[in-house]
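S.K.: Provided below for reference: sequence and predicted model.
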Amino acid sequence: MDALDGWYIAFVNGRGQNFWDVVTTEEFRHCYAFTWDGYNWIVVDPLGQSLEIEVLPFGDEVDFPAKIVEDGQKLVYFSKHEDNRFIFRGLMTCVSTMKHLLGIRAWWVVTPKQLYNYLRSNK
């Protein structure tokens, strides 16, 4: 699998309490992405205060997607849409970052659960 082919999007409950908890549901408070580049697992995690990009210290001997599911996180694999048209991002949230990463133009998708449902229905 190549990073250009697609990304795994993981959905989690989040850390601590945040003001957006009133518009999100449990298990879908935050989302982040990871992919295999042929040598390493690369994680893109849009946090409230920064965008964290990390190369994980283990290789293909570790089934990272299975590990994520074992931890109780929801997981969807989605192939990146190739289109060179501009995408308006709006507020920089975990969802808008994932949509930008994947080339998704669904302006109505704003919460992690909406993104999860969109990805599952548009594979």
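M.R.: Thanks, I have it.
S.K.: how much space between residue 82 and residue 102?
M.R.: Distance, residue 82 to residue 102, using CB to CB, to the nearest Å: 11 Å. Placement of C-beta: from N, CA and C, glycine included.
S.K.: Between those two, which is the more surrounded one?
M.R.: A side-by-side neighbour count of residue 82 and residue 102, using other CB atoms under 10 Å, places residue 102 first with 20 against 7.
S.K.: residues in contact with that one?
M.R.: Counting by CB atoms under 8 Å, 6 or more residues apart in numbering, residue 102 makes contact with 7, 9, 33, 78, 80, 81.
S.K.: Select only the buried ones of the residues you listed in ChimeraX?
M.R.: Buried members of the contacts of residue 102 can be picked out in ChimeraX with the line below, counting by 16 or more other CB atoms under 10 Å:
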select :7,9,33,78
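S.K.: okay, residue 108: pLDDT?
M.R.: The model reports residue 108 with a pLDDT of 92.
S.K.: Wait, a strand at it?
M.R.: No - the assignment for residue 108, made by DSSP: H, G, I helix; E, B strand; the rest coil, is coil rather than a strand.
S.K.: Now name the helix or strand holding the closest residue to it other than its chain neighbours.
M.R.: Leaving out its chain neighbours, the residue that sits closest to residue 108 by CB to CB, 6 or more residues apart in numbering is residue 114, at 7.4 Å. In the assignment (DSSP states H and E), residue 114 maps to helix 112-121.
S.K.: Convert the C-alpha atoms of that helix to CSV, please.
M.R.: Below are the C-alpha coordinates for helix 112-121, written out as CSV (Å, rounded to 0.1, in the frame of the first residue of the first chain):
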residue,chain,number,x,y,z
PRO,A,112,-16.4,13.2,13.2
LYS,A,113,-19.5,11.0,13.2
GLN,A,114,-20.7,12.7,10.0
LEU,A,115,-17.3,12.1,8.4
TYR,A,116,-17.4,8.4,9.5
ASN,A,117,-20.8,7.9,7.9
TYR,A,118,-19.7,9.8,4.8
LEU,A,119,-16.6,7.7,4.4
ARG,A,120,-18.4,4.4,5.0
SER,A,121,-21.1,5.2,2.4
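S.K.: what does it contact?
M.R.: Residues from elsewhere that reach helix 112-121, judged by CB under 8 Å, 6+ apart: 9, 11, 24-25, 28-31, 74, 76, 78, 94-95, 98-99, 104, 106, 108-109.
S.K.: Thanks a lot, catch you later.
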